[in-house]
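K.L.:
Just to be clear, the model below is a prediction. Sequence and coordinates:
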Amino acid sequence: MCELFALSSRVPATLGFSLERLARRGGADGPHRDGWGLAFYEGPDCLLLREPHAASHSALMRFMEQQGLRTRMAVSHIRLATFGDRALRNTQPFARELAGRMHVFAHNGDFPALLDAPWPVEARFRPIGDSDSELAFCGLLAQLAPLWDGVGHGQVPPLAQRMEVIAEHARVLRELGPANFIYADSDALFVHAHERTQLDGRIRPPGLYLLQRCCWRSAPELADSGVNLSTVRQDVALVASVPLTDELWQPLGEGSVIALSNGVCYDADGRETAPEQLAAGGPG
């Protein structure tokens, strides 16, 4: 199965160490050598980098580890191909524009039934590649589009309404196969945890882990904007398929849907919550 990673932070942060650990799993310490991708958000837009090659052997990935951008929101995917050729068109994360914002999606799991279903000719969002994951993304955007079409320029639908649509789509996907995914709409990161192949070879929860950090750090990058602060509070939330450090990552419960914004976690009702309230049990 593929591996996912995402970041949400209060102050722009780099991903160097996390990317290094993740990249090693993309062909060196793990079998996920069929492609990798990174999406770095800046406001409503994002820089999307993808290659249909092993992350552990990528000069571009090494450059991002060492000289990576600062961002408040990022999504990454390391691919182990199951459906769809090893090609750029099937390399995640996938991205689409909706309501003047870039929406990004990355999935870990398999939905073979989606590949056999007829695709509506009049569909607003259509796949570019031939993977089940991109079909799942296009279906999610079709469900969310009415919410975004109903708000004014520069506005976002209420978080609880977006969560409701995403949770229902996730429920449908869980009936088709392992459905861990991360979706970003430039305002928030949405995470759905299900099940994945564990070290013993069995498919079971947890499908994703969450880590939240809070610290005070220097902020020289704010000097250019005229803000004179020697230190600033930093809240960071990280999501990964497997823990990337020795810290206390919390396994997410099967079927849980959360939102991350500015490093803070929100439950399915749009209320701020603590990671331990979402725990699934222990590591697999």
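P.N.:
Noted; the coordinates are in hand. These numbers come from a predicted model, not from an experiment.

K.L.:
ranges for the strands of the stretch 101-250 of the chain?
P.N.:
Using DSSP state E, counting those that start in this stretch, the strands found in the stretch 101-250 of the chain span residues 101-108, 180-184, 189-192, 196-197, 203-204, 209-217, 232-240, 250-251.

K.L.:
Could you tell me the least trusted of those strands?
P.N.:
Mean pLDDT is lowest for strand 209-217 among the strands of the stretch 101-250 of the chain, at a mean of 83.

K.L.:
Give the ranges of residues in the stretch 151-284 of the chain that sit below the confidence cut-off.
P.N.:
Low-confidence segments of the stretch 151-284 of the chain (pLDDT under 70): 216-230, 275-284.

K.L.:
hmm, 80 instead?
P.N.:
Low-confidence segments of the stretch 151-284 of the chain (pLDDT under 80): 215-232, 268-270, 274-284.

K.L.:
ranking the strands of the stretch 101-250 of the chain by burial, who's on top?
P.N.:
strand 180-184 (a mean of 28; mean count of other C-beta atoms under 10 Å). To be clear about C-beta, it is placed using only N, CA and C from the backbone, and glycine gets the same treatment.

K.L.:
about what we covered before: can you say which of the strands of the stretch 101-250 of the chain is nearest to residue 53?
P.N.:
Minimum separation from residue 53 across the strands of the stretch 101-250 of the chain (C-beta to C-beta) falls at strand 101-108, 17.2 Å.

K.L.:
List the pairing partners of the closest one within its sheet, with orientation.
P.N.:
strand 94-98 (antiparallel), strand 180-184 (antiparallel) (DSSP bridges).

K.L.:
Any figure for the gap between the residue most central in space within the chain and residue 150?
P.N.:
The structure's the chain has its C-alpha centroid closest to residue 182; by C-alpha atoms, centre = their mean the separation is 3.2 Å. Distance of residue 182 to residue 150, given as C-beta to C-beta, to the nearest Å: 25 Å.

K.L.:
swap in residue 64?
P.N.:
Look at residue 64 and residue 150: by C-beta to C-beta, they are 37 Å apart.

K.L.:
And residue 67, by the same measure?
P.N.:
41 Å.

K.L.:
contacting residues for residue 178?
P.N.:
1, 108, 109, 110, 194, 195, 196, 203, 207 (C-beta atoms under 8 Å, 6 or more residues apart in numbering).

K.L.:
Could you dump these into a markdown table with distance to residue 54 added?
P.N.:
Listed next are the contacts of residue 178 as a markdown table, based on distance: C-beta to C-beta, whole Å:
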| residue | distance to residue 54 |
| --- | --- |
| 1 | 16 |
| 108 | 17 |
| 109 | 21 |
| 110 | 21 |
| 194 | 26 |
| 195 | 26 |
| 196 | 20 |
| 203 | 24 |
| 207 | 23 |
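
K.L.:
Name the nearest of the residues you listed relative to residue 47.
P.N.:
Nearest to residue 47 among the contacts of residue 178: residue 108, at 22.3 Å, using C-beta to C-beta.
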